[in-house]
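Trainee: Mind looking at a prediction? Sequence and model below.
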Amino acid sequence: MSNMINQEELETVRELIKDIDTAMLTTVTEEGLVSRPMKTQEIEFDGDLWFFTKKETAKYEEILHDQDVNVAYAGKSYVSVRGKAEIVEDLEKKKELWSKAYEEIMQTSYDDPNVVLIKVKTEAAEYWETGNFTKKAAFLFKRMTGKNSKSADINETVEINK
């Protein structure tokens, strides 16, 4: 599945986002971009980000319509993750990721058929480390589409196939 994953870049992003409780998820709507806060999953970042949502939400519809998303983390450092989102209805995965906090936030349980997961496959991550506002871009994973994905030439980039 993975050809080359730059472990160092992955570790950096993992370290920068692991203590940030809330991320901002940006989706594409007909009117433009919309961002909203999402509770961060307490699992090891391996290139995929996971979030819970319900089917009767705007973000659910938006992701079905357009998979391009951005996830932004602000804490001791700042991280911006660009990727493709998909809706996942895997009961085992929901059970694995579920916690009491979600029960309180969503007022239901993981086996509610209305509860779904949003899986974001990372294509690129940019980060600014604390006290150093020099932007660093790590193009962690490039989709295997056969198309050339244009990277931002103004940044140092590392492209890794996944």
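Mentor: Received the coordinates, thanks. Numbers count the residues shown, from 1 in each chain.

Trainee: Need the three-state assignment for residue 41.
Mentor: coil (DSSP: H, G, I helix; E, B strand; the rest coil).

Trainee: tally of neighbours for it?
Mentor: 17 (other Cβ atoms under 10 Å). For glycine as for every other residue, the C-beta is placed from the backbone atoms N, C-alpha and C.

Trainee: Can you tell me the element the nearest residue to it once chain neighbours are set aside falls in?
Mentor: Among residues not flanking residue 41 along the chain, residue 50 sits closest, at 4.4 Å (Cβ to Cβ, 6 or more residues apart in numbering). Remark: residue 50 resides in strand 48-54, with elements defined by DSSP states H and E.

Trainee: Okay, now the sheet partners of that strand, with direction.
Mentor: strand 115-128 (antiparallel) (DSSP bridges).

Trainee: Run through who's touching the strand holding residue 50.
Mentor: 23, 25, 38-41, 43, 59-60, 71, 81, 83, 93-94, 97-98, 102, 106, 114-122 (Cβ atoms under 8 Å, 6 or more residues apart in numbering).

Trainee: Taking these, please make a ChimeraX selection of just the buried ones.
Mentor: Buried residues among these (16 or more other Cβ atoms under 10 Å), as a ChimeraX selection:
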select :23,25,38,40,41,59,60,71,81,83,94,97,98,102,106,115,116,117,118,119,120,121,122
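
Trainee: that's a strand at residue 94, yeah?
Mentor: No: checked against three-state DSSP, residue 94 lies outside a strand; its state is helix.

Trainee: Which stretches in the chain count as helices?
Mentor: Counting by DSSP state H, the chain has helices at residues 7-17, 58-65, 91-97, 100-106.

Trainee: Which other helices and strands does the third one contact?
Mentor: It stands for helix 91-97. The contact analysis (3 or more Cβ pairs under 8 Å, 6 or more residues apart in numbering; DSSP states H and E) places helix 91-97 against strand 48-54, strand 115-128.
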